[in-house]
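1. Sequence first, predicted model second:
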Amino acid sequence: MATPQSYKNHARFNPLFHFTIVPILLVNFIFAIVYAVRHYPQHFHLALWWIVMSITLLLIASMARGSAMTVQDRVIRLEERMRLAQLASPGELAELESLTMKQYIGLRFASNPEVVELARRAVRENLDCKQIKEAVVSWRADEHRV
């Protein structure tokens, strides 16, 4: 049976991205540089183009990952706003309007009984995402993150 998720083990790697795509693209970039050095000046333009394309592929991979993370963060913010709207009083909701995106992300792991108080504390003490996650008493696992 898998270990229950907690603050210490909640970080995730996407094996295809982190252990396959990125290493292959980095090796490609290194090979492009080695090729440029070894074949200078005969194939300078080809080698330079290979380096440019290697950098472009790395940037595309980074943008794809970044876009997925941004969308995930926005969905988490929406989910947490909806959850707080159900659990908090209208007066509390007014106080919680100043929560930041990162604070919502930290609150994602708080159980229902503690999320409103932790959100109030996050606003009052200006807690960052890490501090909020560390303050969670009853961890609510999220197994579907990207």
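-> Structure's in. What do you need? Numbering: from 1, shown residues only.
2. can you count the residues close to Ala119?
-> Ala119 has 27 neighbours, counted by other Cβ atoms under 10 Å. No exception for glycine: its C-beta is placed from N, CA and C like everyone else's.
3. er, Ile30 I mean
-> Neighbours around Ile30, by other Cβ under 10 Å: 11.
4. again with Val52
-> Applying other Cβ under 10 Å, we find 11 residues neighbouring Val52.
5. That one: which element?
-> Assigned by DSSP states H and E, Val52 falls within helix 44-87.
6. Just to be sure, Pro4 is in a helix?
-> No. Using DSSP: H, G, I helix; E, B strand; the rest coil, the assignment for Pro4 is coil, not a helix.
7. Quick check: nearest residue in space to it, chain neighbours excluded?
-> Excluding its sequence neighbours, the residue lying closest to Pro4 (Cβ to Cβ, 6 or more residues apart in numbering) is Ala141, at 6.7 Å.
8. Now do the one you found against Ser6, distance only.
-> From Ala141 over to Ser6 the distance is 8 Å, taken as Cβ to Cβ, to the nearest Å.
9. separation between the residue nearest to Pro4 and Met53?
-> 41 Å.
10. what's the answer for Ala94, then?
-> In terms of Cβ to Cβ, Ala94 sits 52 Å off from Met53.
11. of these two, who's got more company?
-> Met53 (13 against 10).
12. any low-confidence regions in the chain?
-> Applying pLDDT under 70 to the chain flags residues 1-2.
13. Mind doing that once more with 50?
-> 1 (pLDDT under 50).
14. Farthest from the middle of this structure: give me that residue.
-> Of all residues in the chain, Gln42 has its C-alpha farthest from the mean position, at 43.5 Å, by Cα atoms, centre = their mean.
15. Brilliant, that's me finished.
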